[in-house]
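Visitor: Sequence first, then the predicted structure, then my questions.
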Amino acid sequence: MSNKNKKFSDLSSLGGLVYSTNSDAMKDLENKANDEEYTPDPSEQTLRVWIEKKHRGGKTVTIVRDFEGSDQELADLAKTLKNKCGTGGSAKDGEIILQGSIADKVVALLKDMGYNVKRAGG
């Protein structure tokens with residue numbers, strides 16, 4: 001989603017601005033929004049990995065949650081994991097969904113990449 005079409009969830013995300021006759025006011029807000037796209041280093045993130053079978057038609061999937069960063073970086077991490085695990089999957093709604101029960105392999109790969117990883121549930 002481009003910042004031009006960015007939806008603000010509440011008034012606090014506007015930085016206190018409610019109305020302005022200044023034509024540059026939105027440009028300033030867009031620049032602030034670009035600065036907020038900061039992604040912490042892998043060593044500063046703790047990802048949770050678990051296996052889930054519910055609501056998936058009986059198929060088992062491995063889920064990685066709590067990634068902090070842009071949607072593009074999430075998609076890049078998902079692509080890397082899919083390639084190294086030799087499986088399919090997707091990245092959506094802030095989580096990576098990988099086909100199969102491969103949580104142990106995913107935990108090892110994420111640790112090798114420098115992430116802090118917790119094996120949760122399943």
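Guide: Arrived safely. In this text, all values refer to a predicted model and were calculated from it rather than measured experimentally.
Visitor: Quickly note the distance from Leu47 to Asp41.
Guide: 13 Å (Cβ to Cβ, to the nearest Å). Every residue, glycine included, has its C-beta placed from N, CA and C.
Visitor: So for the helix or strand where Val107 lies, what gets flagged as buried?
Guide: Assigning secondary structure by DSSP states H and E places Val107 in helix 103-112. Neighbour-count burial for helix 103-112 flags 103, 105-107, 109-110 (criterion: 16 or more other Cβ atoms under 10 Å).
Visitor: What distance do you get for the residue located most distally from the centre of the chain to Lys54?
Guide: Relative to the mean C-alpha coordinate of the chain, counting by Cα atoms, centre = their mean, the farthest residue is Thr21 (36.0 Å). According to Cβ to Cβ, Thr21 stands 53 Å off from Lys54.
Visitor: Ok, Gly89 next?
Guide: In terms of Cβ to Cβ, Gly89 sits 17 Å off from Lys54.
Visitor: Name the residue in these two with the higher neighbour count.
Guide: Higher neighbour count among Gly89 and Lys54: Gly89, with 19 against 7, using other Cβ atoms under 10 Å.
Visitor: Leaving out chain neighbours, which residue sits closest to that one?
Guide: Excluding the flanking residues, the one nearest Gly89 by Cβ to Cβ, 6 or more residues apart in numbering is Leu98, at 3.9 Å.
Visitor: what angle sits between whichever strand or helix holds the one you found and helix 103-112?
Guide: Per DSSP H and E: Leu98 is located in strand 95-99. In terms of direction (axes from the mean of the first three to the mean of the last three Cα atoms, to 10 degrees), strand 95-99 departs from helix 103-112 by 130 degrees.
Visitor: The residue most central in space within the chain and Ser23, how far apart?
Guide: In the chain, the residue lying closest to the centroid (Cα atoms, centre = their mean) is Gly94, at 3.7 Å. Remark: distance between Gly94 and Ser23 (Cβ to Cβ) = 34 Å.
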